[in-house]
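J.: Pasting the sequence and the predicted coordinates here, then a few questions.
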Amino acid sequence: MEPLTRLYRKEIGRQKLIYIFFACFFTASFFYAFLISTPQMEEMLNINMGMVGRKNFPEFMMRFYVGTVGILFHVFLLTLFICEEDRNKMFYQPLLHGASRSGMIRSKVSAAVLMSMIFVFLTAVINYLTAFMRWGCEIFEWSAVIRTVIKYLLSGLYMAVITLGIIALCIYTRSTWKTIFFVVVYLLVDQFVYGVDIAFLQKIWVGYYLNRWTFTYEYQKVPPGELLTGIFVMALYGIAFFWLSLIRTQKIDF
């Protein structure tokens with residue numbers, strides 16, 4: 001399975017969308033760090049750069065990637081990687097070197113999940129780089145760096161779970177546009193669940209914990225109890241998405 005995993009990693013890496021996206025993300029982060037911190041922009045946008053800038057800038061910018069932009073990027077990338085291959089009859093066949101369907105989907109999932117974590121790492125690098133260019137070494141205050149790195153690690157876990165969910169959607173819908181539609185619906189429901197006061201629903205919702213960590217505990221440490229609960233819930237979702245993908249793959253009949 002390892003040769004197939006390497007093959008699929010290279011296949012994802014050849015997608016031009018990745019390089020266009022991160023070039024645009026770097027540009028946006030750069031201009032945000034430099035332009036929005038001017039007195040005129042602070043007043044126009046009614047923001048406090050003392051709060052969202054300097055040492056807090058990398059954590060603040062993380063929200064834009066993990067909350068919406070990164071998920072939409074993932075769904076476009078993965079639908080190209082899976083739905084288009086399925087449409088062209090290349091997703092399950094040929095079974096290279098005797099590989100089974102489950103082996104092929106495991107390799108594709110491994111490649112996609114690894115790439116999702118790498119993308120979160122690249123996002124962190126871009127945010128810290130642009131923050132350093134704007135504010136210098138003051139962004140490396142130790143407590144702020146540790147807090148932010150922990151949240152990026154949690155974001156990597158969340159994006160891995162979302163990647164597994166998107167892959168399951170691709171396999172079940174076998175349609176690019178249906179997958180994108182359901183992901184957009186998920187983003188809307190995610191914001192609704194975070195905003196309503198229904199404790200039971202929030203505790204079992206995969207996106208609630210990351211929203212809570214990035215908004216309720218913005219620029220603060222996440223309590224260990226909530227941290228462990230959130231990781232446990234996300235892990236359950238990830239396992240469920242993975243097994244649903246395997247089950248559906250075995251049942252597809254061309």
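T.: Arrived safely.

J.: in stretch 244-254, what's buried?
T.: 244, 245, 249 (16 or more other C-beta atoms under 10 Å). The way it works is simple: take the backbone N, C-alpha and C, and place the C-beta from them, glycine included.

J.: does residue 4 really touch residue 101, like I thought?
T.: No - taking contacts as C-beta atoms under 8 Å, residue 4 lies outside contact range of residue 101: 11.8 Å.

J.: Helices of the stretch 101-250 of the chain, residue ranges please.
T.: Remark: helices assigned in the stretch 101-250 of the chain by DSSP state H, counting those that start in this stretch are 101-135, 142-173, 176-195, 199-203, 208-211, 224-251.

J.: For residue 68, which of those is the nearest?
T.: helix 176-195 (6.1 Å; C-beta to C-beta).

J.: Tabulate the buried residues of stretch 244-254 in a markdown table, adding columns for pLDDT and distance to residue 177.
T.: Converted to a markdown table, those look like this (pLDDT from 0 to 100; distance: C-beta to C-beta, whole Å):
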| residue | pLDDT | distance to residue 177 |
| --- | --- | --- |
| 244 | 92 | 20 |
| 245 | 89 | 19 |
| 249 | 81 | 21 |
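
J.: can you pull the contacts of the nearest residue to residue 204 once chain neighbours are set aside?
T.: Once flanking residues are discounted, residue 204 sits nearest to residue 233: 6.9 Å by C-beta to C-beta, 6 or more residues apart in numbering. Residues near residue 233 by C-beta atoms under 8 Å, 6 or more residues apart in numbering: 203, 204, 206, 209.

J.: make it 10 Å
T.: 161, 203, 204, 205, 206, 208, 209 (C-beta atoms under 10 Å, 6 or more residues apart in numbering).

J.: pretty sure the last one is touching residue 225, no?
T.: Looking back up the chat, that one is residue 209. No - look at residue 209 against residue 225 with C-beta atoms under 10 Å: they stay out of range, at 11.5 Å.

J.: So these two - more neighbours on which side?
T.: Summary of the neighbour comparison: residue 209 and residue 225, criterion other C-beta atoms under 10 Å, with residue 209 having more neighbours (24 against 8).

J.: how many other residues sit next to the nearest residue to the more buried one once chain neighbours are set aside?
T.: Closest residue to residue 209 apart from its sequence neighbours, by C-beta to C-beta, 6+ apart: residue 230 at 3.1 Å. Using other C-beta under 10 Å, residue 230 has 21 neighbouring residues.

J.: hang on, the earlier thing: return the member of the buried residues of stretch 244-254 nearest to residue 13.
T.: The closest of those to residue 13 turns out to be residue 245 (C-beta to C-beta; 21.6 Å).

J.: quick revisit: in CSV: the buried residues of stretch 244-254, plus distance to residue 190.
T.: Formatted as CSV, those follow (distance: C-beta to C-beta, whole Å):
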residue, distance to residue 190
244, 19
245, 21
249, 27
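
J.: wait, residue 5 sits on residue 105?
T.: No - contact criterion C-beta under 10 Å: residue 5 and residue 105 do not qualify, at 11.3 Å.

J.: more crowded one of those two?
T.: When neighbours are counted by other C-beta under 10 Å, residue 5 and residue 105 differ, and residue 105 comes out ahead with 22 against 18.

J.: contacting residues for the residue nearest to the spatial centre of the chain?
T.: The structure's the chain has its C-alpha centroid closest to residue 159; by C-alpha atoms, centre = their mean the separation is 3.2 Å. By C-beta under 10 Å, 6+ apart, the contact list for residue 159 reads 65-66, 70-71, 73-74, 113, 115-117, 119-120, 123, 210.

J.: Could I get the residues you listed in TSV, plus columns for neighbour count and distance to residue 192?
T.: Listed next are the contacts of residue 159 as TSV, based on neighbours: other C-beta atoms under 10 Å; distance: C-beta to C-beta, whole Å:
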residue	neighbour count	distance to residue 192
65	23	21
66	25	18
70	22	20
71	23	16
73	20	22
74	21	21
113	19	27
115	22	29
116	25	24
117	16	27
119	22	26
120	22	25
123	26	25
210	25	15
